[in-house]
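[1] Sequence first, predicted coordinates after that:
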Amino acid sequence: MKLTILGSASHIPTRDRNQNGYFLETAEEALLFDPGEGTQRQFTLAGISPGRVKRIFISHFHGDHCLGLPGMMQRLSLMQVSHPLKIYFPEEGREFIQALSKASKFTAHVEFEFHPLKAGFCEENEKRRIEAYELRHSTPVLGYRIIEKPRLHFIPERLRETGLEGGEIALLEKSGKIRKKGKTIRREDLSYRDKGKIFAYALDTAPCPAIPGLIRDADCLLMEGTYLRSEQTLADTFLHMCAEQAGEYARDHGVKKLVLTHYSERYKDMGAYQKAVVKVFENTHIAKDFDVIEF
Ligand SMILES: [Zn+2]
Ligand SMILES: [Zn+2]
């Protein structure tokens, strides 16, 4: 998977940081998490066509996570993309989705599919699962877990030895075995399956019991680190996470890479911020706008 950071600020954008916005490319399709204000333009600056987005996931309805939704809906409509745009959000936010999708006059040339969710939601196909978890914040919030299923890869040399061609290979992939020149060829003798990747998304939240299930064994965990421990009181008051707490979660639940984001604008020296977190969990990436993280 490939994650592009379109914004890494919390409520107040800065000269270098836009409000939230996270573009995730999976083997199947492209997803967008929490389009904050200005996300549409961030796509342009990142050199990515916003028309690639198939699904948008809103964690909660604070402005820094959803004010860019009208812009994205109208942009995809202007582009007349041929696929429906599926929008997932906590079910308590129906009134906000209605307001945002009618924020200004436009003619919809795209089919919008709205998916109000509650914790425990799970959508599965042959390529991946999407799960939603209830986190803890000052308004209903969902964390999302995307689990890719293992993918089949043929080993080119072994495939060549069999002399199989296009249509035959497709049939072998589908049915598991094929007969050629009086011999049975089995799929498992010519291929292997990789381990599907796991992406976990946890913004905004205070520590809570659902987090371990959401993040366990994630190849990449994108988590808020709004404050440092020196501002723990603020984190507790506003139901946010300290970067060090995110590091502890990553360390204790088998996470391979932690990407921190959603910083308070009070932090100007991200070197000091990084130092504090890396002590807790070494494989931490302090996100900047337009960073690309492959995993
Ligand atoms: Zn926020
Ligand atoms: Zn929030």
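    Nice, thanks for sending it over. Numbers count the residues shown, from 1 in each chain. Ligands and ions are numbered 1, 2, ... in the order given.

[2] Ligand 2 contacts on the stretch 101-250 of the chain?
    Applying C-beta under 5 Å from the ion, we find that the stretch 101-250 of the chain lies next to ligand 2 at residue 204. For the C-beta atoms, the positions are set from N, CA and C on the backbone; glycine is no exception.

[3] So out of everything in the stretch 101-250 of the chain, what residue is nearest ligand 2?
    Nearest residue of the stretch 101-250 of the chain to ligand 2, counting by C-beta to the ion: residue 204, 3.7 Å away.

[4] In which helix or strand does residue 22 reside?
    Element membership of residue 22 [criterion: DSSP states H and E] is strand 21-25.

[5] I'd like the distance between the closest residue to ligand 1 within the stretch 51-200 of the chain and residue 188.
    In the stretch 51-200 of the chain, no residue comes nearer to ligand 1 than residue 64, which is 4.3 Å away by C-beta to the ion. The gap separating residue 64 from residue 188 is 48 Å, by C-beta to C-beta, to the nearest Å.

[6] same thing with residue 44?
    Counting by C-beta to C-beta, the gap from residue 44 to residue 188 is 46 Å.

[7] isn't residue 85 right next to residue 114, touching?
    No - contact between residue 85 and residue 114 fails when scored by C-beta atoms under 8 Å: they sit 9.7 Å apart.

[8] Neighbour count for these two, which is higher?
    Between residue 85 and residue 114, residue 85 has the larger neighbour count (other C-beta atoms under 10 Å), namely 21 against 13.

[9] mind saving the C-alpha coords of the strand holding residue 22 as PDB?
    Extracted in PDB, the C-alpha atoms of strand 21-25 (Å, rounded to 0.1, in the frame of the first residue of the first chain):
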ATOM      1  CA  GLY A  21      -6.200  14.500   4.300                       C
ATOM      2  CA  TYR A  22      -4.800  11.100   3.700                       C
ATOM      3  CA  PHE A  23      -4.700   9.300   0.400                       C
ATOM      4  CA  LEU A  24      -4.200   5.500   0.500                       C
ATOM      5  CA  GLU A  25      -3.600   3.400  -2.600                       C
END
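
[10] ok, and does it reach over to ligand 1?
    No - interface with ligand 1: strand 21-25 contributes nothing (C-beta under 5 Å from the ion), its closest point being 11.7 Å away.

[11] Go through that strand and flag the buried ones.
    Neighbour counts over strand 21-25 (16 or more other C-beta atoms under 10 Å) mark 21-25 as buried.

[12] Likewise for stretch 98-116?
    For stretch 98-116, the neighbour count (16+ other C-beta under 10 Å) marks 100-101, 110, 115 as buried.

[13] what do you get for stretch 117-129?
    The neighbour-count check on stretch 117-129 (16+ other C-beta under 10 Å) flags 117, 119, 121, 128 as buried.

[14] Which of the helices or strands spans the residue lying closest to the first one once chain neighbours are set aside?
    Of all residues not flanking residue 117 in the chain, residue 132 sits nearest, at 5.0 Å (C-beta to C-beta, 6 or more residues apart in numbering). Secondary structure here is read from DSSP H and E; on that basis residue 132 sits in strand 128-134.

[15] which bits of the stretch 101-250 of the chain sit near ligand 1?
    Contact residues, the stretch 101-250 of the chain versus ligand 1 (C-beta under 5 Å from the ion): residue 204.

[16] ok, which stretches of the stretch 101-250 of the chain are helices?
    With DSSP state H, counting those that start in this stretch, the ranges of helices along the stretch 101-250 of the chain come out as 156-162, 166-175, 187-190, 211-215, 232-237, 243-252.

[17] quick revisit: which other helices and strands does the strand holding residue 22 contact?
    Contact partners of strand 21-25 among helices and strands, from 3 or more C-beta pairs under 8 Å, 6 or more residues apart in numbering; DSSP states H and E: strand 2-7, strand 30-33, helix 39-46.

[18] Residues contacting that strand, please?
    Residues outside strand 21-25 that contact it (C-beta atoms under 8 Å, 6 or more residues apart in numbering): 1-7, 30-36, 38-39, 42-43, 46, 48, 53, 68, 146, 199, 201, 222, 261.

[19] if we can go back for a sec, can you tell which of the helices and strands packed on strand 21-25 is closest to ligand 1?
    Across those, ligand 1 has its closest neighbour in strand 2-7 (10.6 Å, C-beta to the ion).

[20] Would you give the sheet partners of that closest one, along with the direction of each?
    strand 21-25 (antiparallel), strand 292-294 (antiparallel) (DSSP bridges).

[21] could I get the ones you listed as JSON lines with distance to residue 12 and mean pLDDT?
    Converted to JSON lines, the strands paired with strand 2-7 look like this (distance: least, C-beta to C-beta, whole Å; pLDDT from 0 to 100):
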{"stretch": "strand 21-25", "distance to residue 12": "15", "mean pLDDT": "98"}
{"stretch": "strand 292-294", "distance to residue 12": "24", "mean pLDDT": "98"}
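
[22] Thanks a lot, see you next time.
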